[in-house]
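Student: Fold the following for me, if possible:
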Amino acid sequence: MKNFIENLPKAELHLHIEGSFEPELMFKIAQRNNIKIKYKSIEEIREAYQFDCLQDFLDIYYQGAGVLITEQDFYDLTYSYLEKCAVQNVRHTEIMFDPQTHTERGIAFKTVINGISKACTAAKKELGVSSLLIMSYLRHLSEADAFKTLEQSLPYKHLIAAVGLDSSEKGNPPSKFKKVFEASIKEGYIPLAHAGEEGSSEYIWEALDLLKIKRIDHGNNCLQDDKLIQEIIKRDIALTVCPLSNTALQVVHDLKNHPLKKMMDLGLKTTINSDDPAYFGGQVNQNYIEIQEALNLSKQDLYDLAKNSFQYSLLDDKTIQFYLDELEVYYTKNK
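Tutor: Residues are numbered from 1 along each chain as shown. Below you'll find the predicted structure:
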């Protein structure tokens, strides 16, 4: 099964580029920029990547992001992640980035987007990995702040496919961002949002009805509401599920109790993703491997998950079909 997963063509739809920041690269960039961090070694950074909830994780996450200063830093961070995609048979990835994490500390929007997008262009050519960018609004900040980010993004619209909503979910419902999502859609951005990770099923309803989202990031708590499950199925909206993230943040206490298989059996379209792989103990293949083992998923299940990852990507129909054909050939030979 491990070999089948490693060679399975797949897409990753839920990945925060700042959360792919491996300790080695963080240490290297901090030294390059003469930034003092409170960790004296790579091992100390790795030990700090232990937490009990979303907020504890976010505190460390923002500290790490603080060493990213130059366009080269953002390029190196992104290219490092895309190299990992190439060796895992991740054929396409949809990368979330948090501009406010950087603009709040004086880094220009231009620096962030140019570094990330140049790495994506290079990786397509050099590694054969395609990518799209999702600009995420930070929900612990105000809607006015999100509007500023939207305004800053407009000269770079051609580089950004979608907008998302992430950071601390509790106490920051989707309804808080209704107007900025309406404005983002008018600018041509596809709306996506984190919902139902720590927030209740009501947050998912809000994301669907008020933000008009086309994909649900996480969505675990949709299982609280049978009517919501049927609505998600009816609207043909996929969930980007992140197993190792869920256990790291204590959303699920044991992978054996993870709701992924239940979601699949109910008819929900689910995908497997790594979320913040440097912090949560594994890239996307590790997520596939560990959830397969915990839930005894079949090759058919794994094929369905990979198929969904392409089918519910933001790619055009022709490109989706190209990847689906590749997946079909692989599965037919190896099932």
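Student: which residues of the stretch 201-335 of the chain fall in strands?
Tutor: Applying DSSP state E, counting those that start in this stretch to the stretch 201-335 of the chain gives strands spanning 215-218, 238-241, 269-272.
Student: Asn33 reaches Gln72, doesn't it?
Tutor: No. Assessed by Cβ atoms under 8 Å, Asn33 is found out of contact with Gln72, at 9.8 Å. Every C-beta, even on glycine, is put in place using the N, C-alpha and C of the backbone.
Student: Tell me, how many residues neighbour Ile113?
Tutor: For Ile113, the tally of surrounding residues (other Cβ atoms under 10 Å) stands at 23.
Student: just to confirm, which helix or strand has it in it?
Tutor: Element membership for Ile113, per DSSP states H and E: helix 109-126.
Student: Can I get the helix-or-strand element of the chain with minimal mean pLDDT as CSV, trimmed to CA atoms?
Tutor: Lowest on mean pLDDT, DSSP states H and E among the helices and strands of the chain sits helix 54-65, with a mean of 77. Output in CSV follows, covering the C-alpha atoms of helix 54-65 (Å, rounded to 0.1, in the frame of the first residue of the first chain):
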residue,chain,number,x,y,z
LEU,A,54,-4.8,25.7,16.9
GLN,A,55,-3.9,28.8,18.8
ASP,A,56,-0.6,27.3,20.2
PHE,A,57,0.3,26.3,16.7
LEU,A,58,-0.5,29.7,15.3
ASP,A,59,1.7,31.4,17.8
ILE,A,60,4.7,29.4,16.6
TYR,A,61,3.7,29.6,13.0
TYR,A,62,3.7,33.5,13.1
GLN,A,63,7.1,33.5,14.8
GLY,A,64,8.5,31.4,12.0
ALA,A,65,7.0,33.5,9.3
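Student: how distant is that helix from the center of its chain?
Tutor: 16 Å (Cα atoms, centre = their mean, to the nearest Å).
Student: what do you get for stretch 270-285?
Tutor: For stretch 270-285, the separation from the chain centroid amounts to 8 Å (computed by Cα atoms, centre = their mean).
Student: which one of the strands of the stretch 201-335 of the chain lies closest to Val129?
Tutor: With Cβ to Cβ, the closest approach to Val129 among the strands of the stretch 201-335 of the chain belongs to strand 269-272: 16.8 Å.
Student: Are there helices or strands packed against the closest one, and which ones?
Tutor: With contacts taken as 3 or more Cβ pairs under 8 Å, 6 or more residues apart in numbering; DSSP states H and E, strand 269-272 sits against strand 10-16, strand 238-241, helix 260-266, helix 284-295, helix 299-311.
Student: Could you pull up the mean pLDDT of it?
Tutor: For strand 269-272, mean pLDDT is 98.
Student: partners of that strand in the sheet?
Tutor: strand 238-241 (parallel) (DSSP bridges).
Student: hang on, the earlier thing: quick one: which of the helices and strands packed on strand 269-272 is nearest Ser131?
Tutor: Between the helices and strands packed on strand 269-272, strand 10-16 lies closest to Ser131; by Cβ to Cβ that is 9.4 Å.
Student: by how many degrees do the helix or strand that that closest one is followed by and helix 54-65 diverge?
Tutor: Later in the chain than strand 10-16, the nearest helix or strand by DSSP H and E is helix 23-32. On the basis of axes from the mean of the first three to the mean of the last three Cα atoms, to 10 degrees, helix 23-32 is oriented at 50 degrees to helix 54-65.
Student: now for the following helix or strand past helix 23-32, which elements pack on it?
Tutor: Once helix 23-32 ends, the next helix or strand along the chain (criterion: DSSP H and E) is helix 42-48. Helices and strands touching helix 42-48, by 3+ Cβ pairs under 8 Å, 6+ apart, are helix 23-32.
Student: If we use 10 Å, what do you get?
Tutor: Packing partners of helix 42-48 (3 or more Cβ pairs under 10 Å, 6 or more residues apart in numbering; DSSP states H and E): helix 23-32, helix 54-65, helix 277-280.
Student: Toward the C-terminus, what is the element adjacent to the helix holding Ile113?
Tutor: Of the helices and strands lying after helix 109-126 in sequence (DSSP H and E), the nearest is strand 130-138.
Student: ok, and what's touching the helix or strand just after that following strand?
Tutor: Once strand 130-138 ends, the next helix or strand along the chain (criterion: DSSP H and E) is helix 143-153. Helix 143-153 has contacts (Cβ atoms under 10 Å, 6 or more residues apart in numbering) with 98-100, 103-104, 108-110, 112-113, 135-139, 141-142, 159-160, 163, 165, 175-181, 183-184, 186-187, 189.
Student: run the last query once more with 7 Å
Tutor: With contact meaning Cβ atoms under 7 Å, 6 or more residues apart in numbering, helix 143-153 is reached by 99-100, 103, 109, 135, 137, 160, 176-177, 179-180, 183-184.
Student: Name only those of those residues that count as buried.
Tutor: The neighbour count (16 or more other Cβ atoms under 10 Å) marks Pro99, Gln100, Thr103, Phe109, Met135, Tyr137, Ile160, Lys176, Phe177, Val180, Ser184 as buried among the contacts of helix 143-153.
Student: Dump these into CSV; add secondary structure as well.
Tutor: Output for the buried ones among the contacts of helix 143-153, formatted as CSV (DSSP: H, G, I helix; E, B strand; the rest coil):
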residue, secondary structure
Pro99, helix
Gln100, helix
Thr103, helix
Phe109, helix
Met135, strand
Tyr137, strand
Ile160, coil
Lys176, helix
Phe177, helix
Val180, helix
Ser184, helix
